[in-house]
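**Q** Generate coordinates for the sequence data below:
(one chain, ligands or ions: 1)
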Amino acid sequence: YYNNQTIIYHKGEFLKPEAATSSLYSQSLHYGNGVFEGIRSYKTEAGTKIFKAKAHYERLKYGAKVMGIPFNYSIKELTAITHELLERNQLEDAYIRPIISTGANMGLYTSKESILTMQCWAWGKLMGDKLLRVKTSSFERPNPKSCFVEAKVTGHYINSILSTNEAKDAGFDEALLLDMYGNVAECSGANIFMEKDGKLFTPKKGSIMAGITRSTILEICKEEGIPVEERHFKLDELKQADSSFFTGTAAEVVGLKSLDDYEFPLQWTDSLGHKLMKLYQQEVLGQRKNKLSKAL
Ligand code: PMP
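**A** Reported below is the predicted structural model:
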């Protein structure tokens, strides 16, 4: 993630990672009280583009609000810091990780000291390019009444780590988690879509991360005339689907080979997921044609 040229942003300054200091009494370290984002920038014909910066920083702001963490920057300032960070690291195609951590406080009431750190690095697709072998997790997604599931809170990722460890230790690539009602929810760090008879389905919001890639895919489907529906479905329905894929900023669009012992029968290259993977690549580079919004 870093080398001896890397520059990070921390407590209002651009500096080398080893020059940054952080309290060992931080509530983020002890209790997981911090909020973060995962953003990508792309090298486009029109220069470096931070994909959906506003949506990502709005989600960071929402997370800070629900956790009671002071949010001391405007979205415009955060975007400007991101651009400067990319320039200082001479990166165009990059993954950007802003995190707002909390200051020294061993109590459980949110510390009012809020610290912004931003890092960036070159990162390929998080889950790689090959089709994924996925395992249904024995862990459920957190109950939406026990936390704010749509906030990217650092502590929530313990559930993602437990499910990923379980899947990888059993020889799979990734984990699929159900919600507390037994509905298919999402992967540890990405949303899920399934294809059945030429139509796509993705779980409704409620127990899942409101993924920005998920919304982008829904918009692309609308604009390209690809039928898609947001509704709950169970594991047995997913195990009768023709094809399935995950979406996320870090993962982008990635197809599934199998779920437990079920192999998705449709060839990935013949699936709507594959078509959307291509359209998503065009979208992030600002190259997608047939935009209804452009035609209107
Ligand atoms: N689900 C979870 C649990 C995630 O951590 C992420 C990554 N933020 C996603 C889905 C995908 O969200 P996005 O498309 O906004 O990256």
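**Q** host element of the closest residue to Glu84 other than its chain neighbours?
**A** Sequence neighbours aside, Phe14 is the residue nearest to Glu84 in space, at 7.2 Å (criterion: CB to CB, 6 or more residues apart in numbering). C-beta coordinates here come from the backbone N, C-alpha and C atoms, glycine included. Here Phe14 sits within strand 13-15, counting by DSSP states H and E.
**Q** Partner strands of that strand, with direction?
**A** As defined by DSSP bridges, the strand partners of strand 13-15 come to strand 8-10 (antiparallel).
**Q** Other residues contacting the strand it pairs with?
**A** 2, 14-17, 20, 81, 84-85, 115-119 (CB atoms under 8 Å, 6 or more residues apart in numbering).
**Q** where along this structure do the helices fall?
**A** For the chain, applying DSSP state H gives helices covering 27-31, 53-67, 75-88, 157-169, 212-224, 235-238, 272-284, 292-295.
**Q** Turn these into a markdown table, columns for mean neighbour count and distance to Cys147.
**A** Putting those into a markdown table (neighbours: other CB atoms under 10 Å; distance: least, CB to CB, whole Å) gives the following:
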| stretch | mean neighbour count | distance to Cys147 |
| --- | --- | --- |
| helix 27-31 | 19 | 12 |
| helix 53-67 | 19 | 9 |
| helix 75-88 | 16 | 24 |
| helix 157-169 | 17 | 10 |
| helix 212-224 | 19 | 20 |
| helix 235-238 | 15 | 23 |
| helix 272-284 | 19 | 29 |
| helix 292-295 | 9 | 35 |
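**Q** give me the residue from the stretch 51-200 of the chain nearest the ligand.
**A** Residue nearest to the ligand within the stretch 51-200 of the chain: Gly189 (4.1 Å; CB to the nearest ligand atom).
**Q** Was I right to think that residue contacts Ala251?
**A** Yes. Shown here, Gly189 and Ala251 form a contact pair, counting by CB atoms under 8 Å, at 7.0 Å.
**Q** so what sits against both of the two?
**A** With CB under 8 Å, 6+ apart as the test, Gly189 and Ala251 both reach Leu126.
**Q** what does this structure have sitting close to the ligand?
**A** 38, 152, 160, 186, 189-191, 209, 211-214, 247-249 (CB under 6 Å from any ligand atom).
**Q** Filter these down to just the ones in strands.
**A** Members of the residues of the chain next to the ligand lying in strands (criterion: DSSP state E): Glu186, Asn191, Thr247, Gly248.
**Q** got TSV for those, with pLDDT and neighbour count too?
**A** Listed next are these as TSV, based on pLDDT from 0 to 100; neighbours: other CB atoms under 10 Å:
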residue	pLDDT	neighbour count
Glu186	98	26
Asn191	98	24
Thr247	98	27
Gly248	98	24
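**Q** Helix or strand, whichever it is, which one in the protein has the lowest mean pLDDT?
**A** helix 292-295 (a mean of 50; mean pLDDT, DSSP states H and E).
**Q** ok, the residue of the stretch 51-200 of the chain closest to the ligand - how many residues close by?
**A** By other CB atoms under 10 Å, 22 other residues sit near Gly189.
**Q** can you check Gly225 too?
**A** Gly225 has 8 nearby residues by other CB under 10 Å.
**Q** what's the distance between it and the ligand?
**A** 23 Å (CB to the nearest ligand atom, to the nearest Å).
**Q** Ok, Gly47 next?
**A** Counting by CB to the nearest ligand atom, the gap from Gly47 to the ligand is 23 Å.
**Q** and that residue, what is it in contact with?
**A** Here Gly47 is in contact with no residue (CB under 8 Å, 6+ apart).
**Q** Pairing-wise in the sheet, spell out the partners of it.
**A** Thr44.
**Q** okay, it: pLDDT?
**A** pLDDT, Gly47: 95.
**Q** Quick check: Arg133 touching Lys257?
**A** Yes. Arg133 is within contact range of Lys257, at 5.4 Å (criterion: CB under 8 Å).
**Q** can you tell me the distance between the two ends of stretch 259-268?
**A** 14 Å (CA to CA, to the nearest Å).
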